[in-house]
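Undergrad: Generate a structure from the sequence data that follows.
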Amino acid sequence: MRPILIAALLIGAPAAAHVTVWPKQSSPGAREKYEVRVPNEKPVDTIAVEIRFPAALRVTSIEQKPDWRAEALRDPSGRLIGVRWTGKLGPEQFTEFGLLAVNPGKGGEIAFTAIQAFADGTRVEWSGAAGSKTPAPRVTLIPAPH
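TA: Presented below is the predicted three-dimensional model:
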């Protein structure tokens, strides 16, 4: 009975360790440094992380990390709409990638899409609703009190 319980816990573990964006709250119109936190709970290496930015967020810079390659993703007009980092993140490790951005002028929630690719060819798309098995990274923009 005990091995079944352990197996059930392991199956649920990856959903608890999803890609997130920090800080979780910011202010409308603020210049912010965001950190994309990527854990690897699979038994194989993470080899790529792609982040698509919320349409209203204006990202001005992406972090270049040692041993990772950052590729800017742009729309036809040249606007920065995402980034793809490629490298190697071993099992039971995590890393963070930085973004400098200007928040939209209105309050509310902004959601990113993250795609995590693994050495075994599998991918996880973190774009679901809050509370789902693959929730999108979210930031709440709260106006400052007057």
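
Undergrad: A30: neighbour count?
TA: Using other Cβ atoms under 10 Å, A30 is surrounded by 13 other residues. (C-beta placed from N, C-alpha, C; glycine too.)

Undergrad: What is the burial count for the residue nearest to it when sequence neighbours are not counted?
TA: Spatial nearest neighbour of A30, excluding adjacent residues (Cβ to Cβ, 6 or more residues apart in numbering): N103 at 5.0 Å. The tally of other residues near N103 (other Cβ under 10 Å) stands at 21.

Undergrad: residues in contact with N103?
TA: For N103, the contact set (Cβ atoms under 8 Å, 6 or more residues apart in numbering) comprises S26, S27, P28, G29, A30, R31, E32, L57, I110, L141.

Undergrad: Dump those residues into a markdown table; add secondary structure and pLDDT as well.
TA: Formatted as a markdown table, the contacts of N103 follow (DSSP: H, G, I helix; E, B strand; the rest coil; pLDDT from 0 to 100):
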| residue | secondary structure | pLDDT |
| --- | --- | --- |
| S26 | strand | 98 |
| S27 | coil | 97 |
| P28 | coil | 98 |
| G29 | coil | 97 |
| A30 | coil | 97 |
| R31 | strand | 98 |
| E32 | strand | 98 |
| L57 | coil | 98 |
| I110 | strand | 98 |
| L141 | strand | 98 |
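
Undergrad: Between the two ends of stretch 47-67, what distance do you get?
TA: 11 Å (Cα to Cα, to the nearest Å).

Undergrad: F97 is in contact with R69, correct?
TA: No: using Cβ atoms under 8 Å, R69 is not in contact with F97, being 11.7 Å away.

Undergrad: so what's in contact with the two at the same time?
TA: Contacts common to R69 and F97, judged by Cβ under 8 Å, 6+ apart, are W85.

Undergrad: So for those two, which residue has more residues nearby?
TA: More neighbours surround F97 than the other of R69 and F97, with 21 against 11 (other Cβ under 10 Å).

Undergrad: Tell me the predicted confidence for the more buried one.
TA: For F97, the pLDDT comes out at 98.

Undergrad: again, but for T60
TA: Reported pLDDT for T60: 97.

Undergrad: what would the contacts of N103 look like in CSV with distance to A17?
TA: Formatted as CSV, the contacts of N103 follow (distance: Cβ to Cβ, whole Å):
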residue, distance to A17
S26, 23
S27, 28
P28, 30
G29, 32
A30, 28
R31, 29
E32, 24
L57, 24
I110, 22
L141, 25
